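In: Attaching a predicted model along with its sequence, questions to come.
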Amino acid sequence: MLFDDLPIDHRIKQNLSIMQLSEPTLVQQRSIPAGIQGKDILASSKTGSGKTLAFLVPAVNRLLTNKPLTKQDPRAIILAPTRELAKQVFMQAKKLTQKLPVSVTLVVGGENYNDQVKMLRKNPDIIVGTAGRIADHINGRSFFLNGIELLILDEADRMLELGFADQLNLINGFANHRKRQTMMFSATIDSAAVHEMTQKMLKAPEKIIIDDAGKPHIDIQQNFYFSDGVSHKDKLLLKSISLEAREQAIVFTATREDTVRIAAQLNEQNISAIALNGELAQGQRSSVINIFSSGKEAVLVTTDLTARGLDLLNVSLVINYDLPKFAPEYIHRTGRTGRAGNKGKAISFVSKKDWASFLAIKTKLEQDYTFSSYDDIPTKFEGVQAQRAKPLPIQKKVKVKETQVKKTSKKAIKRVNTDDRPDIDVGFAPMKRKPRQIINDDED
Ligand code: ADP
Ligand code: MG
């Protein structure tokens, strides 16, 4: 199938051809016709499978073919969990709408609020941004939502993980025009929180689930190394980065501090590396992304801030220095490679501290994964054996009616308390804590 075969405005087809795109990906083939019919969409497909255009094409098509409902209000709001991802979506929207009578503005945290107010006064048709800052502008009456036709949530599950439910509810509440069409996209949408949100926000959505979207990518080779802790991981990292044939690499750490420490360490070894974390000022964050995407640095060392959505085409290697606390983030982090049909490799270091996360991730790994080791970096840790259940004390046999038998839930995995860095938040007892506290790199 070609984009030309789809019932989209010829001006969009022209722009797609300028962007050198001719064949829609699977998720695009399904979501474009459904979106054009005005249906709400809940879509899930693998990382790097073209979800951005899967929502942008039908959205822009609607704006071109329908009359606006009001004169000044924005017609579409597109929300993303991080400023960097919002910017990337904004750039694609700009490309898709080049020379068309559709204007797009980016509204993210970390940038001057009043400058944004000025831009918003120019009445853009599409606002792309992060939920916190957009909610601020709604509260501050920088714009109104009476003319809203489309609300799109990219990586909706991550916005919830980051604690933006209130802002999303606020935006949803203000943007409640009966003609509103809503679309949600992510590789991972199967959490209870997402389910609850879809119930609230979507009307009879077309569910587009491509394959087993939430599973790791078949184009990405998954490799693990046992590790004994920080200094051991440092050695593994240096070795892996030096030995693996790669273009650019991304190293994910659990803390902001480690991004800086590890980047410096790699630079000392003449491996050009740059750190990105949420503590940097917005200008610095943008310039790091620009420098890395221009190919000037070999390695980006970062936190989960960069796990979602970013399309950095030369990344062929992802290293999890620490495993993520949430299994979906493993899918998203490793999905920074193997994009748009390319192959990639993911390497993860598993110490005692990472073990509980590893077990959660393992249940999602469909294809073979391997554990490797380097002869000159021996490891003591080789996983935690499951404890054998103690035999039950002998009890009197009591006859129980079948209907009374209830399934007991599996015992939660015990926290392995072997922190060698007790001052740093890399523990693995996340379920008891509120998401807002767990995430160490959030957005506004
Ligand atoms: P996802 O959101 O599913 O992770 P993206 O929308 O970021 O994926 O797209 C991943 C890459 O694929 C981008 O570089 C994008 O330009 C490219 N791409 C998108 N659609 C197509 C297509 N139809 N044909 C070829 N490449 C595409
Ligand atoms: Mg995406």
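Out: Sure thing, it's come through. Ligands and ions are numbered 1, 2, ... in the order given.
In: now the end-to-end length of stretch 274-288.
Out: Taking CA to CA, to the nearest Å, stretch 274-288 runs 7 Å from one end to the other.
In: Just the residues contacting that stretch, thanks.
Out: Outside of stretch 274-288, the residues within contact range by CB atoms under 8 Å, 6 or more residues apart in numbering are 83-84, 87, 108-111, 256, 259-260, 262-263, 289, 291-292, 297, 299-303, 305-306, 440-443. Using the backbone N, CA and C atoms, a C-beta is placed for each residue, glycine as well.
In: rerun that using 7 Å as the cut-off
Out: Outside stretch 274-288, the residues that touch it by CB atoms under 7 Å, 6 or more residues apart in numbering are 83-84, 110-111, 256, 259-260, 263, 291-292, 297, 300-303, 305-306, 441-442.
In: Report the buried members of those.
Out: Buried by 16 or more other CB atoms under 10 Å: 83-84, 110, 256, 259-260, 263, 292, 297, 300-303, 305-306, 441-442, out of the contacts of stretch 274-288.
In: which residues does the one residue in the chain that gets nearest to ligand 2 contact?
Out: Residue nearest to ligand 2 within the chain: Gly309 (4.0 Å; CB to the ion). By CB under 7 Å, 6+ apart, Gly309 lies in contact with 80, 85, 88, 154-155.
In: Kindly recompute the last result at 10 Å.
Out: Going by CB atoms under 10 Å, 6 or more residues apart in numbering, Gly309 touches 47-48, 51-52, 80-82, 84-86, 88-89, 154-155, 158, 185-187, 332, 335-336.
In: Mind checking which of these land in helices?
Out: 51-52, 84-86, 88-89, 158, 332 (DSSP state H).
In: And whichever residue of the stretch 201-350 of the chain sits closest to ligand 1, which helix or strand is it part of?
Out: Across the stretch 201-350 of the chain, the shortest distance to ligand 1 (CB to the nearest ligand atom) belongs to Ala340, at 3.5 Å. For Ala340, there is no host helix or strand (DSSP states H and E).
In: Could you find the closest non-adjacent residue to it?
Out: Spatial nearest neighbour of Ala340, excluding adjacent residues (CB to CB, 6 or more residues apart in numbering): Gly48 at 5.5 Å.
In: Enumerate every residue touching that neighbour.
Out: Neighbours of Gly48 in contact, by CB under 10 Å, 6+ apart: 25, 187, 217, 219-220, 309, 311, 313, 335-342, 344.
In: Out of the ones in helices among the contacts of Gly309, which end up buried?
Out: Here, 16+ other CB under 10 Å leaves 51-52, 84-86, 88-89, 158, 332 buried among those.
In: near ligand 2 too, which of the residues you listed?
Out: Among those, proximity to ligand 2 is found for Lys51 (CB under 5 Å from the ion).
In: Adding pLDDT and distance to ligand 1, write the buried ones among the ones in helices among the contacts of Gly309 out as a markdown table.
Out: Listed next are these as a markdown table, based on pLDDT from 0 to 100; distance: CB to the nearest ligand atom, whole Å:
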| residue | pLDDT | distance to ligand 1 |
| --- | --- | --- |
| Lys51 | 94 | 3 |
| Thr52 | 97 | 3 |
| Glu84 | 91 | 12 |
| Leu85 | 93 | 9 |
| Ala86 | 96 | 13 |
| Gln88 | 94 | 7 |
| Val89 | 97 | 8 |
| Arg158 | 89 | 12 |
| His332 | 90 | 9 |
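In: Ile171: which of the buried ones among the ones in helices among the contacts of Gly309 is nearest?
Out: Ala86 (13.8 Å; CB to CB).
In: Verify the contact between that closest one and Ile77 for me.
Out: No: counting by CB atoms under 10 Å, Ala86 stays clear of Ile77, with 11.2 Å between them.
In: Return every residue with contacts to both of these two.
Out: Residues within reach of Ala86 and of Ile77 at once, by CB under 10 Å, 6+ apart, are 107, 127-129, 131, 134.
In: from these, which single one is nearest Lys203?
Out: Nearest member of these to Lys203, counting by CB to CB, is Ala131, at 20.7 Å.
In: So that closest one versus ligand 1, what's the distance?
Out: 18 Å (CB to the nearest ligand atom, to the nearest Å).
In: Tyr369 versus that residue, what's the distance?
Out: 34 Å (CB to CB, to the nearest Å).
In: neighbour count winner among the two?
Out: Ala131 (29 against 15; other CB atoms under 10 Å).
In: need the contact list for that one.
Out: Applying CB under 10 Å, 6+ apart, the residues contacting Ala131 are 77, 79-81, 86, 109, 153, 156, 159-160, 162-171, 443-444.
In: Out of the residues you listed, which end up buried?
Out: The buried subset of those (16+ other CB under 10 Å) comprises 77, 79-81, 86, 109, 153, 156, 159-160, 162-165, 167-168, 170-171, 443-444.
In: low-scoring stretches of the stretch 151-300 of the chain, by residue?
Out: Scanning the stretch 151-300 of the chain for pLDDT under 70 picks out 212-216.
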